[in-house]
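> pasting the sequence and the predicted coordinates here, then a few questions.
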Amino acid sequence: MEKNVNVLDFLQKIVRLRVFIIMKLTVFFVCLSVLSSIASGTYSQSSKISLDLNQTTIKNALKEIENTTNYYFLYNNNLVDVDKKVSIKIDNQSIEKALDRLFAGENVKYTILDRQIVITPASESTTVLASQATTTGKVTDSSGQPLPGVTVLIKGTVKGTITDFDGDYSIETSTGDVLVFSFIGMASQEILVGTQRTINVSMTEESIGVDEVVVVGYGTQKKSDITGSVTSVSKERLQKIPVSNVMQAVQGSVSGVNIQQVSSIPGEAPSILVRGGGSLTASTDPYVVVDGIPITKMGGSISDINPNDIESIEILKDASATAIYGMNGANGVILITTKSGGTTEPTVRYSGYYGVEDFAHIPEMVSPSGLLERYAEGNRINGSPLYQAPVKYQYEVENYENGHTIDWIDAVSQTGIQQNHNISLSGGNENINYYMSGDILDQKGVVKGYNYKRYSFRTNIDAQVTSYLKIGTNSSIVAHNRDGGRANLLNAEAMSPYGRMYEEDGSYTIYPMFGETLWANPLLPTQTDPERREFNVNLNGFANVTFGDIWKPLAGLTYKLNAGYTFNPRRTNSYTGEKQNDLLGTAEIHNYETQAYTVENILQYNRDINKHHFDITAVYSSQERNYMDNWAQARDFVNDELKWNRMQAGASSCKFLC
């Protein structure tokens, strides 16, 4: 039996249903918006402030309001005097009355925007607000098509936005700001805002030299001849960005390569992921090759390389990496070429920098009064005992009675410092050229005890022995030092502001909240002096024979021998004694050593026949790695003087697990 369907009626039903759904969603969002507006408008009316402060700074008073309400304040220390001392006592008053009392007699104006309160000088606030305006525009390519995802950044700041699907953007600017438009594959543009409120930009493709030669595996090619995915990192970028690890300079500049600084410990290398992860359990690190000799799996790491010594970086990202390096290239390949001398007079260069660093976001801990409230609430709800009301633990009593509190986060932190000094000598003539450099990197972290030093020396020498034979060496020695006891930031976050830091003799109190022995003093580890040291010696040499200079019919045929030796000893020694709450003493020694050998025989033939170009490469490579790992521990020492230097002085020892 056939059933006739009226297509027109069917379509009309679909349209009516769609309109009905849209109307319901519209009503929902309108109601949601109204409720949101009502909530934000009534907060300032319903929130009441109570303060009882005597001779405290305005800054501390504002912090007290933030701690007891959901308000937060924005102000400029250079424009508003928040260090002035005031006394204020109010009970159950509105935020407006509280601020009027707090800033009585001051040339200050405040603006309440929901829970955000902006404080400005009354005479300058109008000017400051007037200088800000919204700049909008559209970004297109050379053919007029919109460009989504273009980065629009105010030069010299981190404030910016990106264009939407239609190429449109909107950003708050001042008249003196310069907007920087950047997009991968496009030439960046800088435009002064001035009085413009609409800035439309047409971006052009960035020209790339197709005749530029890049390193690809066991040889070089012109960019115009490459069919795989090979990305080069410009030398200018590497030289302009001061970093301790070269991959930090590459971060954000190469598509398909995800580089993340997963640890803030000084000297730690970033995580590198090329075109996504290829395994859930195995390593996803790319294969790193320096001057033709691999350092990955040979005991070395990318942290061994001084960024000032690098001439170029190429990254192989697709199947071509596997075709050249086999399974080693499964996660991509990073090819690094170091600098060499030229046919110039001897040239001495020095470069250096000095910088400071601090926490981007400091953990905000509960205030002393807030902690006492929690103690009281715990006692009321579950009967949690108080040693002496209102404090919970024995060692909190003294500081509470004296009105003394400790900022434990501040106690374990410091201003970080990073400095680097590099000196190099380069030069040469037609037959020999040389490059030598020495480098010192010194980094002190923002948490006490986290230090890192790197000392490196490199020598690259090429010599044209005969017309057909060229030999050379690319060798380096690197020393890493991470010595020192490290403060415990986690323990600092768990400390009570009323806890005891020092004993009467000046030594650190082991349990600042005694009565509670789970959390030890976060500064105890700084009294130890463990050794964490690593060395990496790379001795590499090569010989290159050009057969065409021996017999002309063999023109285009070359043979290259690469040989490399790596020696990588590491050691970690530590001792904890009585001062670290280890009454018997524990010493540990961990020695790790790697020796690796690499020999590569590379035979290449390239020839141009009419319009055709031929490249043939044959490689035979051999690698060997020998490693040794020793670990020992001893306990029960008579005193703490010998530490790990005489392990047999311990009464007991253990291996692996104790």
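Nice, thanks for sending it over.

> which residues in the stretch 301-450 of the chain form strands?
Assigned by DSSP state E, counting those that start in this stretch, the stretch 301-450 of the chain shows strands spanning 310-316, 333-338, 347-357, 416-428, 432-444.

> distance from the chain centre to the fourth one, please.
Relative to the mean C-alpha coordinate of its chain, strand 416-428 is positioned 22 Å out (C-alpha atoms, centre = their mean, to the nearest Å).

> relative to strand 347-357, how tilted is that strand?
170 degrees (axes from the mean of the first three to the mean of the last three C-alpha atoms, to 10 degrees).

> just to revisit the earlier point, would you turn the strands of the stretch 301-450 of the chain into CSV with mean neighbour count, mean pLDDT and distance to F165?
C-beta: built from backbone N, CA, C; applies to glycine. Below are the strands of the stretch 301-450 of the chain laid out as CSV (neighbours: other C-beta atoms under 10 Å; pLDDT from 0 to 100; distance: least, C-beta to C-beta, whole Å):
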stretch, mean neighbour count, mean pLDDT, distance to F165
strand 310-316, 21, 87, 30
strand 333-338, 22, 90, 34
strand 347-357, 11, 92, 37
strand 416-428, 18, 94, 41
strand 432-444, 19, 95, 43
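
> any chance of those strands in TSV, plus distance to L99?
As requested, those are arranged in TSV below (distance: least, C-beta to C-beta, whole Å):
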stretch	distance to L99
strand 310-316	55
strand 333-338	57
strand 347-357	35
strand 416-428	36
strand 432-444	41
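
> quick one: which of the ones you listed is nearest N382?
Closest of the strands of the stretch 301-450 of the chain to N382 is strand 416-428, at 41.8 Å (criterion: C-beta to C-beta).

> now the closest one - C-alpha only, PDB.
This file holds the C-alpha atoms of strand 416-428, laid out as PDB (Å, rounded to 0.1, in the frame of the first residue of the first chain):
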ATOM      1  CA  GLY A 416      64.700  34.500  41.100                       C
ATOM      2  CA  ILE A 417      67.800  35.500  39.200                       C
ATOM      3  CA  GLN A 418      69.000  34.300  35.800                       C
ATOM      4  CA  GLN A 419      72.300  35.400  34.200                       C
ATOM      5  CA  ASN A 420      74.300  34.100  31.200                       C
ATOM      6  CA  HIS A 421      77.700  35.000  29.900                       C
ATOM      7  CA  ASN A 422      79.100  33.800  26.600                       C
ATOM      8  CA  ILE A 423      82.400  34.500  24.900                       C
ATOM      9  CA  SER A 424      83.400  33.100  21.500                       C
ATOM     10  CA  LEU A 425      86.400  33.200  19.100                       C
ATOM     11  CA  SER A 426      85.900  32.500  15.400                       C
ATOM     12  CA  GLY A 427      87.900  33.000  12.200                       C
ATOM     13  CA  GLY A 428      89.800  31.200   9.500                       C
END
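
> that one packs against which elements?
Other elements packing on strand 416-428 under the criterion 3 or more C-beta pairs under 8 Å, 6 or more residues apart in numbering; DSSP states H and E are strand 347-357, strand 432-444.

> low-confidence regions, this protein specifically.
1-47, 75-79, 113-116, 123-131, 158, 184-185, 205-229, 234, 320-322, 653-658 (pLDDT under 70).

> now the helices for the protein?
Along the chain, counting by DSSP state H, helices occupy 7-46, 58-68, 95-102, 125-130, 235-240, 246-250, 319-325, 368-382, 397-401, 408-412, 489-494.

> all strands in the stretch 451-600 of the chain, in order from the N-terminus.
Under DSSP E, counting those that start in this stretch, the stretch 451-600 of the chain gives strands at 451-464, 469-481, 531-546, 557-576, 586-609.

> any chance of those in TSV, plus mean neighbour count and distance to S188?
Supplementary listing: these in TSV, determined by neighbours: other C-beta atoms under 10 Å; distance: least, C-beta to C-beta, whole Å:
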stretch	mean neighbour count	distance to S188
strand 451-464	18	33
strand 469-481	18	35
strand 531-546	18	37
strand 557-576	18	39
strand 586-609	16	37
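
> closest to I49 out of the helices and strands packed on strand 416-428?
Nearest to I49, of those and by C-beta to C-beta, is strand 347-357 at 36.9 Å.

> can I get the closest one in PDB? Just the C-alpha atoms.
C-alpha atoms of strand 347-357 as PDB (Å, rounded to 0.1, in the frame of the first residue of the first chain):
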ATOM      1  CA  THR A 347      86.700  37.700  15.900                       C
ATOM      2  CA  VAL A 348      85.900  37.800  19.600                       C
ATOM      3  CA  ARG A 349      82.300  38.100  20.600                       C
ATOM      4  CA  TYR A 350      80.700  38.500  24.000                       C
ATOM      5  CA  SER A 351      77.000  38.300  24.900                       C
ATOM      6  CA  GLY A 352      75.300  38.200  28.200                       C
ATOM      7  CA  TYR A 353      72.100  39.000  30.000                       C
ATOM      8  CA  TYR A 354      70.800  39.400  33.600                       C
ATOM      9  CA  GLY A 355      67.200  39.100  34.600                       C
ATOM     10  CA  VAL A 356      65.000  38.500  37.600                       C
ATOM     11  CA  GLU A 357      61.900  36.400  37.900                       C
END
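
> residues touching K97, list them.
By C-beta atoms under 8 Å, 6 or more residues apart in numbering, K97 lies in contact with I49, I90.

> I misspoke; the intended subject was E268.
Q261, V262.

> now the helices and strands packed on strand 416-428 in JSON lines, with distance to V290?
Listed next are these as JSON lines, based on distance: least, C-beta to C-beta, whole Å:
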{"stretch": "strand 347-357", "distance to V290": "20"}
{"stretch": "strand 432-444", "distance to V290": "14"}
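
> middle-most residue in this protein, spatially?
Q261 (3.5 Å; C-alpha atoms, centre = their mean).

> what's the neighbour count on the residue nearest to it when sequence neighbours are not counted?
Of all residues not flanking Q261 in the chain, P270 sits nearest, at 4.7 Å (C-beta to C-beta, 6 or more residues apart in numbering). Counted with other C-beta atoms under 10 Å, the neighbours of P270 add up to 19.

> P270 and M298, how far apart?
From P270 across to M298, the span is 20 Å (C-beta to C-beta, to the nearest Å).

> one more: E106?
Taking C-beta to C-beta as the measure, E106 falls 66 Å from M298.

> list the contacts for V80?
Going by C-beta under 8 Å, 6+ apart, the list of residues near V80 reads V108, I119, T120, P121.

> now the two most distant members of the residues you listed.
Largest separation among the contacts of V80 by C-beta to C-beta: I119 and P121, giving 8.8 Å.

> what residues are shared contacts of these two?
The contact lists of I119 and P121 share V80, V108, K109, where a contact means C-beta under 8 Å, 6+ apart.

> what about these, which are in strands?
Among the shared contacts of I119 and P121, the members found in strands (DSSP state E) are V108, K109.

> let me have the shared contacts of I119 and P121 in JSON lines, extended by distance to F535.
Formatted as JSON lines, the shared contacts of I119 and P121 follow (distance: C-beta to C-beta, whole Å):
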{"residue": "V80", "distance to F535": "54"}
{"residue": "V108", "distance to F535": "60"}
{"residue": "K109", "distance to F535": "62"}
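
> which one of the shared contacts of I119 and P121 sits closest to Y565?
So of those, ranked by how close each gets to Y565 (C-beta to C-beta), first place is V80, at 64.0 Å.

> and that closest one, how far is that from N67?
20 Å.

> likewise R482?
R482 is 38 Å from N67, where distance means C-beta to C-beta.

> neighbour count winner among the two?
Remark: of R482 and N67, R482 carries more neighbours, 21 against 13, as counted by other C-beta under 10 Å.

> returning to what we had before: wait, which of the strands of the stretch 301-450 of the chain is closest to V391?
Closest among the strands of the stretch 301-450 of the chain, using C-beta to C-beta: strand 416-428, at 34.2 Å.

> parallel or antiparallel, list what pairs with that closest one.
Strand 416-428 sits in its sheet next to strand 347-357 (antiparallel), strand 432-444 (antiparallel), going by DSSP bridges.
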